[in-house]
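> model the structure of this input:
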Amino acid sequence: MEIKNPGGPPPLPQPESPLSTSKSGAVPRPPIAPLPPTQPAWQSGQILQALVIKATPEQMLINIQGTQANVVRPPALPLYPGDRLQLEVLKNATPPQLKLLEVQPAATTIINRAMRASLPRQQALAPLLANIEYLSRNPAATNQLNRAVRSAAQQLYYQLPTAENLRQPAALKQALEFSGPFFEHNLLASQQTTGLNIQQDTRISLLRLATQLQHYIARETGQTRPTRQPQLSTAGGTTGSQPGSASPSQQATLPISAGNPRAQPAVAASLTQTSPLRAAEQLLQQTEGVLARLHIHQLHHLKSEETGRLGWSMELPVRSEQGINLFDLRIQRENHPGTPGSDEDGQADRQQADPRWSVRLAFDLQGLGPVQAVIALQQEQIAVHFHAEKEQTSALFNQYLDTLGSRLRHAGLEVAGIDCRQGQPEPAAEATGSPILDEQV
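Okay, here's the model as predicted:
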């Protein structure tokens, strides 16, 4: 089968299948899947739809409206399983001549390509948050950078929720909605409803800060227009300071995990001992790295939709007088129903009707060390399990478990189980065998 594509993407080479033979007349290798004994009666000018079933570095198996063909993979045309092709029949010969008109990438392919682009640029939030707090609260920062940059930083800092705010369910819901990953949804909702202030979204504030930093750098360097700064870090690299100067606590965290959150301690500001221009360049790198990180959170949600295991991931900064604490969350709807703390018989009907939700939460507060919480909720039944790295933290939590259980019951919930253990929790089911990025797609 010969596929031509003049003026467009490279043609698909002739397949090694019974639909064609080599010029020497040698018998070709058998196809991956059997073909019909007779060649389809395609007509010249006919438009065909094809699906890429399997792809290796050398070959791929495609299905053309029921006819499968094993073809050599074009080196200059990236094609992946799930991609859909639109072909035009130029000549129904032996082999037929087909012209490639369009390639529609599969959703999984699009997500993985976007993940590849964002992973090398993403950076942790903690270093940026430390610098934002320094610019907003330290009087010495008034001599560093200009008023527009400091104003954008202060707007981002003071719109962060406080622990007192989050005591109210409505305020907690709003803080999660405006944490960044839901920006496009909020933008659409703001056009359809009144009273929704899209300016409170963290992503808006980050974009505003990045814009002001770009203008500042352009003026200081004599550029005619703002330019994006080159990314100097990788997914596991530094947070924007000079190479080798970052302490271990200031290094970027590992790439975001779809299943298990990670406790992230606060770090010290890195702008205190640097020139204004260098400070602006560091801050811009950190801001753009955090924007890439928000994009990865969005891609995790899209990936969960593709796999049928709906979930959200987000990071929520909480402002206090002692600093900014970062809470890493994963919210998951379980595919396999079950009560949070019991496997008793007679629950099947209720389990099928009411899904089970799980929330995984990680934080590292001053004096406590890394802590993870795993919360499961189904109907009115809840189970809460804390996992603390430090022994003294585990002992402290155990002293107040009865108080927590009492408050949960007062809220109308049935407590199926509540405890605190020292160590790490079991990884989420989807975290085992599910890489953050599928290199085969």
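> where does the record place the domain boundaries for the chain?
2-105, 107-239+249-309, 334-431 (automatic domain parsing).
> any chance of CSV for those domains, columns mean pLDDT, mean neighbour count and distance to Asp328?
Heads up, the C-betas are built off the backbone N, CA and C, glycines and all. Below are the domains of the chain laid out as CSV (pLDDT from 0 to 100; neighbours: other C-beta atoms under 10 Å; distance: least, C-beta to C-beta, whole Å):
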stretch, mean pLDDT, mean neighbour count, distance to Asp328
domain 2-105, 68, 15, 31
domain 107-239+249-309, 82, 18, 4
domain 334-431, 83, 15, 5
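> can you redo the ones you listed as CSV with distance to Asn325?
Formatted as CSV, those follow (distance: least, C-beta to C-beta, whole Å):
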stretch, distance to Asn325
domain 2-105, 40
domain 107-239+249-309, 7
domain 334-431, 6
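> so which of those domains gets nearest Glu315?
Proximity to Glu315 (C-beta to C-beta) singles out domain 107-239+249-309 among the domains of the chain, at 5.7 Å.
> outside of stretch 165-175, which residues touch it?
Outside stretch 165-175, the residues that touch it by C-beta atoms under 8 Å, 6 or more residues apart in numbering are Pro161, Gln200, Leu316, Val318.
> surely the third one is in contact with Glu177?
It stands for Leu316. No: the pair Leu316 / Glu177 is not scored as a contact, 10.7 Å apart, by C-beta atoms under 8 Å.
> picking that back up, okay, the contacts of stretch 165-175 in CSV with distance to Gln286 and secondary structure next?
Formatted as CSV, those follow (distance: C-beta to C-beta, whole Å; DSSP: H, G, I helix; E, B strand; the rest coil):
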residue, distance to Gln286, secondary structure
Pro161, 21, coil
Gln200, 21, helix
Leu316, 18, strand
Val318, 19, strand
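> let's have the residues you listed in a markdown table, adding distance to His295.
Listed next are these as a markdown table, based on distance: C-beta to C-beta, whole Å:
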| residue | distance to His295 |
| --- | --- |
| Pro161 | 22 |
| Gln200 | 20 |
| Leu316 | 17 |
| Val318 | 22 |
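> out of the residues you listed, which is nearest to Leu98?
Nearest member of those to Leu98, counting by C-beta to C-beta, is Leu316, at 52.1 Å.
> nearest to Asn138 among the contacts of stretch 165-175?
Val318 (19.8 Å).
> ok, that closest one - contacts?
So Val318 contacts Leu160, Pro161, Thr162, Ala163, Leu166, Ile324, Asn325, Leu326, Phe327 (C-beta under 8 Å, 6+ apart).
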